[in-house]
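A.B. asks: 3D model of this:
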Amino acid sequence: MVFCFLLVLLVKENKGIKNKGMKRGMMVTEIIYLDIDGTLRDERYGIPDSAKKAIQKCKDDGIFIVICTGRNPGSIQEDVKRLRTDGVISGGGCFIEFRGEMLKREYFPMRSLGEFLEVIRKWKLGASLEAEEEIYMNEAAARFLREDFQRKIPEGADRKQFQEENKISYEDNFSDLWRARGKIHKICLLGKEEEIERVREQFEKETETAQQKEWNGQWYIELLPKHCGKGTAVEILNRYLNISRERSMSFGDGDNDVDMLKASGTGIAVRGGSRKLTEYADAVCESPMDDGIYRELKRRGIISDQNDTGERREKKTEEREKEICAEERRA
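C.D. replies: Below you'll find the model as predicted:
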């Protein structure tokens, strides 16, 4: 018992030393959620080395890193996959995977899907329907999205390679929709604002609106099945891991990140992104290529240039020392 008492004193002393650089009352971060496009990854230049370094430091310190994207699983870029994060929330919250275990998979009911297709045909809307691995677009949506994507290609870049890295092919493949076998989890529509609003109202009881906005002269909306969304997914995963809201952090740049930031104890908006998002953010960080994620985590004392300084590691050490004490008592 004397050994156990001395061990506890030692732990407290070490914690005092390690926390010296932290602000009084600062909450320990146990999990960080990262949007991809415009947040973790620059759409033209990919993931900056600073973000990779920050993620590795967090992982070394035992902080869970989870991708939280509107992309379907099949369109997540290869450089993102190579980060080997602890989890991935994709499809805007329709899919939740943590360390190889799928915690949630959600699709629209077949009845709703049939009604959506009828509305798309009736109003001649641009439409993009997302399945787990494929995205099905009609001609109007494919043309619109292709033109928008072309504007993002850096001058002198290999267009084919840039397209392949993006993982989304903007082509009219609506006739192949049958391949999805009804398993559609996101519906994106383009058209006149009054038409889109009419569709939103018609399906309001059975859908969640991930985002809606004016986009290059068209009105755009993303619809998900009821009880889906980035914010809901964050709440589900936090609960699954027994992590309080206060100990979670998220980074995002778009309107569809609002609920993610609201569900997190600390929400960071990326500069140059959605103005609406900044209203719900605790801080605004630099853009990806200006090392936003790395700089913000460093400012908050979550990462440093020193080794072995993780709060999570302290917690694990303390838990192990408690186990030693318990084993001594049993002996």
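A.B. asks: what about the helices in this protein?
C.D. replies: Counting by DSSP state H, one finds helices in the chain at the ranges 2-18, 49-60, 78-81, 110-123, 139-150, 159-166, 193-202, 230-241, 258-262, 275-278, 292-299, 311-330.
A.B. asks: point out the most buried one among those helices.
C.D. replies: Of all the helices of the chain, helix 258-262 has the most neighbours on average by mean count of other Cβ atoms under 10 Å, namely a mean of 24. Every residue, glycine included, has its C-beta placed from N, CA and C.
A.B. asks: leaving out sequence neighbours, find the closest residue to Thr232.
C.D. replies: Gly93 (5.6 Å; Cβ to Cβ, 6 or more residues apart in numbering).
A.B. asks: what is the burial count for the one you found?
C.D. replies: 31 (other Cβ atoms under 10 Å).
A.B. asks: contacts only, for it.
C.D. replies: 68, 210, 224, 228-233 (Cβ atoms under 8 Å, 6 or more residues apart in numbering).
A.B. asks: and the furthest pair within those?
C.D. replies: Cys68 and Leu224 (13.6 Å; Cβ to Cβ).
A.B. asks: out of these two, which sits in the busier spot?
C.D. replies: The neighbour comparison of Cys68 against Leu224 (other Cβ under 10 Å) goes to Cys68, with 31 against 25.
A.B. asks: any stretches of this structure with poor pLDDT?
C.D. replies: The chain contains residues with pLDDT under 70 at 1-27, 306-331.
A.B. asks: quick one: the residue positioned nearest the centre of it and Glu132, what's the gap?
C.D. replies: Of all residues in the chain, the one closest to the mean position by Cα atoms, centre = their mean is Cys68, 1.5 Å from it. Cys68 sits 17 Å away from Glu132, taking Cβ to Cβ, to the nearest Å as the criterion.
A.B. asks: now the helices of the chain in JSON lines, with distance to Ser250?
C.D. replies: Formatted as JSON lines, the helices of the chain follow (distance: least, Cβ to Cβ, whole Å):
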{"stretch": "helix 2-18", "distance to Ser250": "25"}
{"stretch": "helix 49-60", "distance to Ser250": "13"}
{"stretch": "helix 78-81", "distance to Ser250": "16"}
{"stretch": "helix 110-123", "distance to Ser250": "29"}
{"stretch": "helix 139-150", "distance to Ser250": "26"}
{"stretch": "helix 159-166", "distance to Ser250": "23"}
{"stretch": "helix 193-202", "distance to Ser250": "26"}
{"stretch": "helix 230-241", "distance to Ser250": "7"}
{"stretch": "helix 258-262", "distance to Ser250": "5"}
{"stretch": "helix 275-278", "distance to Ser250": "11"}
{"stretch": "helix 292-299", "distance to Ser250": "11"}
{"stretch": "helix 311-330", "distance to Ser250": "17"}
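A.B. asks: nearest to Thr39 among the ones you listed would be which one?
C.D. replies: Among these, helix 292-299 comes nearest to Thr39, with 7.6 Å by Cβ to Cβ.
A.B. asks: now do the contacts for the residue nearest to the centre of the chain.
C.D. replies: Taking Cβ under 8 Å, 6+ apart as the criterion, Cys68 is in contact with 33-35, 89, 93, 230, 233-234, 250, 252, 257, 260.
A.B. asks: do that again at 7 Å, thanks
C.D. replies: 33-35, 89, 230, 233-234, 250, 260 (Cβ atoms under 7 Å, 6 or more residues apart in numbering).
A.B. asks: so what sits opposite it in the bridge?
C.D. replies: Per DSSP bridges, the residues bridged to Cys68 are Ile89.
A.B. asks: great, nothing more from me.
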